[in-house]
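Asks: below are the sequence and a predicted model; questions follow.
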Amino acid sequence: ISVISVLFFVPLMVISLLLVDELNREIDTTYKEQRGLEHISVVRTLYQHVSEHMGLTNAGLNDADGFKDMILNKRRQISLDIEAMDAVSMRYGSELRTNLLWREIKHDWLALNKHSSTAASADELLTEHRLLIVRLAALLEQASNTSGLILDPDIDSSFVMEMVVYRMPRLLDGLGELRAMSVGSAATGWVSFKQRVELNMTINSVSGYFGSVKKALAIVLKENAGLKDRLAAKESVVQKQVLVFSARVNDDILDPDLIEADTGEIYTAGGLAVNHAYALYDAFLLSLDGLFAERLEHLTNKRNSIVTGILLVLVVLIYLLLGFYFVTVKTIQSLEDSVSRIAKGDLTVRVESVTKDELNNVAISLNSMVSHLHGVVTKLGGQAALLSSSSKKLLVTTEYSKGVALAQQQKTEQIKIGRASCRERV
């Protein structure tokens, strides 16, 4: 039975351990995805502030008033963002392989910041900002790739991840660039043919990016109905603000022959659309983090249930083995003792069995055999006594017959002697 139990339990244990190992890998993968998401959330703040710095700088270098202090404040914010990025890179940079790219981005920012203090043109700095934002987008993608976010197999989280890494950053880039170009044109009071083309293309791009976000959001809400309250309302606000800002760019920048729009108002209107888009982006970040937390809870509970099941099966198996062992040993010892007593001639032995298996059948057979032997021996004993009594009677009869024969012989001898005496007298 021990061998059978082991043969049953070992495959079950192996399968269960393999399943637990698979769950542990999924849990580790989800934790890694969470670390990648944390890294992305820190990049997101720098991403926003660099975009705002681009708009402010383009306005300031095109002689708009009141932007100098805003630019300095934004640079201080970016300095704090860089410190936060350094901290998160120390924790996860090696694992996510983002250190090299981050060092290059810091170098580019320092170079851009230095150029801002020189006689660099607004177009040159706008181009440098665009390149820096492209590299920040690459940093987002790198963290996504190496943390496994891009490989997430669950449809409920994969589309949210795509929003965070690809679709929303494109929309944010487009809005930031549209704001920067619009305030630059408002500051100069005119739009060149090249700028007009770029503005129209950017407006169309923003519309296309938002359409892509809207389609993906429909899938996200279909797979995660619980996220509707968090995301649907923000998506509607973003759509409204994007349309309002695009219309304002057309009305105040592209349509008039002479631009009279206030630069600060254009920046504020663009900022309103951008900020609502970032609010939607943050909602996606929180939603994805919540989905990961739910997945971890589910996987952990599943793993704990399997481990608990294994332990319960092991305890029950040990209990059954020990119970079977003690019952079997007791029955075998009783059989051994009984057989020993039978060998010594004790035919009053009764084997007490507490099992219901083959050993119990053996005990019953042995008891039946002993009972039968006892009956045979008892019967033989009675017959032996009867034979002994008959033998004694036969012996008495024989002795009596012997005495009678002896007496008869003596009488015969006496008759012979008498006859002999009579002859002598004659």
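Replies: Okay, I see it.
Asks: for this structure, name the helix or strand with the lowest mean pLDDT.
Replies: Every helix and strand of the chain was ranked by mean pLDDT, DSSP states H and E. The lowest is helix 358-425, at a mean of 71.
Asks: which stretches of the stretch 251-400 of the chain form helices?
Replies: Secondary structure of the stretch 251-400 of the chain (DSSP state H, counting those that start in this stretch): helices at 263-343, 358-425.
Asks: packing partners for the shortest one?
Replies: With contacts taken as 3 or more Cβ pairs under 8 Å, 6 or more residues apart in numbering; DSSP states H and E, helix 358-425 sits against helix 263-343. The way it works is simple: take the backbone N, C-alpha and C, and place the C-beta from them, glycine included.
Asks: got the angle between the helix it packs on and helix 358-425?
Replies: 0 degrees (axes from the mean of the first three to the mean of the last three Cα atoms, to 10 degrees).
Asks: list the contacts for V244?
Replies: V244 is in contact with 269, 272-273, counting by Cβ atoms under 8 Å, 6 or more residues apart in numbering.
Asks: which positions within whichever strand or helix holds it qualify as buried?
Replies: Secondary structure from DSSP states H and E places V244 in helix 228-249. Residues of helix 228-249 classed as buried: 230-231, 234-235, 238-239, 241-242, 245-246, 248-249 (neighbour count, 16 or more other Cβ atoms under 10 Å).
Asks: re earlier: deepest of the helices of the stretch 251-400 of the chain, which one?
Replies: Of all those, helix 263-343 carries the top mean neighbour count, a mean of 16, counting by mean count of other Cβ atoms under 10 Å.
Asks: quick one: distance of that one to the chain centre.
Replies: On the basis of Cα atoms, centre = their mean, to the nearest Å, helix 263-343 is displaced by 8 Å from the centre of the chain it belongs to.
Asks: output the contacting helices and strands for it.
Replies: Taking 3+ Cβ pairs under 8 Å, 6+ apart as contact, the helices and strands that helix 263-343 lies on are helix 2-61, helix 155-162, helix 168-188, helix 228-249, helix 358-425.
Asks: how does it look with 10 Å?
Replies: For helix 263-343, the packing partners by 3 or more Cβ pairs under 10 Å, 6 or more residues apart in numbering; DSSP states H and E come out as helix 2-61, helix 155-162, helix 168-188, helix 193-223, helix 228-249, helix 358-425.
Asks: for the shortest one, buried residues please.
Replies: Residues of helix 155-162 classed as buried under the neighbour-count rule (16+ other Cβ under 10 Å) are 156-162.
Asks: nearest to I417 among those?
Replies: Taking Cβ to Cβ as the measure, I417 lies nearest D156 of the buried residues of helix 155-162, at 142.4 Å.
Asks: find the nearest non-adjacent residue to that closest one, please.
Replies: Distances taken as Cβ to Cβ, 6 or more residues apart in numbering put E223 closest to D156, at 4.3 Å, once the chain neighbours are dropped.
Asks: how near is that neighbour to S158?
Replies: 9 Å (Cβ to Cβ, to the nearest Å).
Asks: need the overlap of contacts for these two.
Replies: Residues touching both E223 and S158 by Cβ atoms under 10 Å, 6 or more residues apart in numbering: L291.
Asks: can you count the residues close to S207?
Replies: 15 (other Cβ atoms under 10 Å).
Asks: hmm, F245 and it touching each other?
Replies: No - in this structure S207 lies outside contact range of F245 using Cβ atoms under 10 Å: 11.3 Å.
Asks: what's the neighbour count on A180?
Replies: 27.
Asks: pLDDT (mean, whole number) over stretch 120-135?
Replies: Averaged across stretch 120-135, pLDDT comes to 89.
Asks: can you list the buried residues in that stretch?
Replies: 120, 122, 125-126, 128-130, 132-133, 135.
Asks: ok, and what's touching that stretch?
Replies: Contacts of stretch 120-135 (Cβ under 10 Å, 6+ apart): 46-47, 50-51, 53-55, 57-63, 101-102, 104-105, 108-109, 111-116, 118, 169, 172-173, 176-177, 180-181, 184, 187-188, 194-195.
Asks: any of those buried? List them.
Replies: Neighbour counting with 16+ other Cβ under 10 Å marks 46-47, 50-51, 53-55, 57-62, 101-102, 105, 108-109, 112, 116, 169, 172-173, 176-177, 180-181, 184, 187-188, 195 as buried within those.
Asks: can you name the residues that contact the closest residue to I27 other than its chain neighbours?
Replies: Distances taken as Cβ to Cβ, 6+ apart put L299 closest to I27, at 5.0 Å, once the chain neighbours are dropped. Going by Cβ under 10 Å, 6+ apart, L299 touches 22-30.
Asks: what's the pLDDT at L299?
Replies: Reported pLDDT for L299: 91.
Asks: what of the one 4 residues further on?
Replies: R303 is assigned 88 on the pLDDT scale.
Asks: show me where pLDDT drops low in the stretch 1-150 of the chain?
Replies: Low-confidence segments of the stretch 1-150 of the chain, defined by pLDDT under 70: 1-9, 63-64, 118-119.
Asks: mind running it again at 80?
Replies: Across the stretch 1-150 of the chain, the ranges flagged by pLDDT under 80 are 1-13, 16, 61-66, 116-120, 150.
Asks: next one: the stretch 201-350 of the chain
Replies: 313-314, 317-350.
Asks: if we use 70, what do you get?
Replies: The model of the stretch 201-350 of the chain has pLDDT under 70 over residues 324, 327, 345-347, 349.
Asks: of the buried residues of helix 228-249, closest to R295?
Replies: Of all these, R230 has the smallest distance to R295: 17.6 Å, by Cβ to Cβ.
Asks: which residue is the nearest non-sequential neighbour of the closest one?
Replies: Leaving aside its sequence neighbours, R230 sits nearest to A283 (Cβ to Cβ, 6+ apart; 5.3 Å).
Asks: distance of that neighbour from N224?
Replies: Remark: distance between A283 and N224 (Cβ to Cβ) = 12 Å.
Asks: which residues do those two both contact?
Replies: For the pair A283 and N224, residues contacting each of them under the criterion Cβ under 10 Å, 6+ apart are 160, 230-231.
Asks: I'd like those laid out as JSON lines, including distance to A279.
Replies: Below are the shared contacts of A283 and N224 laid out as JSON lines (distance: Cβ to Cβ, whole Å):
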{"residue": "V160", "distance to A279": "16"}
{"residue": "R230", "distance to A279": "11"}
{"residue": "L231", "distance to A279": "11"}
